[in-house]
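S.K.: sequence-free structure coming up:
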């Protein structure tokens, strides 16, 4: 089942949202949700908003996530791919045996269990007044067809479900949130914190990216991805423009909270969400 995606249209930004390059000849479109996470016919981008150098940077970590974490799942959902000519409908299944031996078998992608990988993380460290760190805490979350997984891995056997790279994944979330915030609210609505992480100049992802401290997200069986504004303030400190982001919401994946930057403008009152009240911190608005 594919849920139709409708992206908003934006005017060309005419400057790289990551490094500031403003030569029109060096600028390309930036997909807010990565191209490979959208269904055919759906698109969502900010025109002329990423220079080719930054596009090459984001393409590398997005590729790691799209292939390593979501490869078979994306193909099963028939999401977009720039490698259409290389698709065979087949994949290599790697099994682990009790003896420690690793074996490989080629199978149909359609016969692989439909499963999705994510992370359950604590809230961003900046909201706790913590010290910036590159150490991730939490756990890996796998949602999927449990019975199909058991059939593929009888007792004593295991199989590789994907390659989990929390830093690559966090950088992709940062890129989505940063480009979304600029497209929707403008570059002068916040003092950005994420470009060094996106460009690979920092690895302090857990300080700015974490889980959503609100109540457990509701079931969203008809929602492919969910993204909205969720500002935060810790005690008497600054107000931060935040973005709540849930990829593959329809299978119940976790919701993440990305701190985009310090607010310079008040968020639109019409965008407040009542289901994003934090447990320990005052969370404001959509």
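M.R.: In hand now; what should we look at? Keep in mind it's a predicted model, so treat the numbers as computed, not measured. Residues are numbered from 1 along each chain as shown.
S.K.: now residue 257, which residues is it bridged with?
M.R.: residue 210, residue 244 (DSSP bridges).
S.K.: quick check: it touching residue 122?
M.R.: No. Judged on C-beta atoms under 8 Å, residue 257 makes no contact with residue 122 at a distance of 10.1 Å. No exception for glycine: its C-beta is placed from N, CA and C like everyone else's.
S.K.: show me which of those two is the more surrounded one.
M.R.: Taking neighbours as other C-beta atoms under 10 Å, residue 257 and residue 122 compare with residue 257 leading, 27 against 15.
S.K.: wait, what's in contact with that one?
M.R.: 123-124, 209-213, 230, 232, 242-245 (C-beta atoms under 8 Å, 6 or more residues apart in numbering).
S.K.: rewinding a little: overlap of the contact sets of residue 257 and residue 122?
M.R.: With C-beta under 8 Å, 6+ apart, residue 257 and residue 122 have common neighbours 210, 211.
S.K.: who does residue 96 form a beta bridge with?
M.R.: Under the criterion used here (DSSP bridges), residue 96 is bridged to residue 102, residue 158.
S.K.: from residue 153, how far off is it?
M.R.: Residue 96 is 9 Å from residue 153, where distance means C-beta to C-beta, to the nearest Å.
S.K.: find residues that contact each of these two.
M.R.: With C-beta under 8 Å, 6+ apart as the test, residue 96 and residue 153 both reach residue 159.
S.K.: please name the bridge partners of residue 229.
M.R.: residue 243.
S.K.: about what we covered before: just among the contacts of residue 257, which is most surrounded?
M.R.: residue 242 leads the contacts of residue 257 on contacts (other C-beta under 10 Å) with 31 neighbours.
S.K.: pLDDT value on that residue, please?
M.R.: Here the pLDDT value assigned to residue 242 is 94.
S.K.: so what's it up against?
M.R.: Counting by C-beta under 8 Å, 6+ apart, residue 242 touches 177, 229, 230, 231, 232, 257, 258, 259, 260, 283.
S.K.: dump these into a markdown table; add distance to residue 128 and pLDDT as well.
M.R.: Listed next are those as a markdown table, based on distance: C-beta to C-beta, whole Å; pLDDT from 0 to 100:
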| residue | distance to residue 128 | pLDDT |
| --- | --- | --- |
| 177 | 19 | 98 |
| 229 | 21 | 93 |
| 230 | 16 | 92 |
| 231 | 16 | 91 |
| 232 | 11 | 88 |
| 257 | 12 | 96 |
| 258 | 15 | 97 |
| 259 | 12 | 97 |
| 260 | 17 | 97 |
| 283 | 13 | 29 |
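S.K.: from those residues, pick the one nearest residue 137.
M.R.: residue 257 (14.6 Å; C-beta to C-beta).
S.K.: and that closest one, how far is that from residue 210?
M.R.: Counting by C-beta to C-beta - residue 257 and residue 210 are separated by 6 Å.
S.K.: who touches both of the two?
M.R.: Residues touching both residue 257 and residue 210 (C-beta under 8 Å, 6+ apart): 123, 124.
S.K.: what's in contact with stretch 67-83?
M.R.: So stretch 67-83 is contacted by 2, 35-40, 42, 66, 87, 89, 91, 109-110, 112, 114-117, 162-165, 168-169, 248 (C-beta under 8 Å, 6+ apart).
S.K.: which intervals of the protein have sub-threshold pLDDT?
M.R.: Applying pLDDT under 70 to the chain flags residues 1-5, 84-87, 155-156, 269-286.
S.K.: burial measure for residue 219, as a count.
M.R.: Neighbours of residue 219 using other C-beta under 10 Å come to 10.
S.K.: scratch that, residue 59
M.R.: Around residue 59 there are 14 residues (other C-beta under 10 Å).
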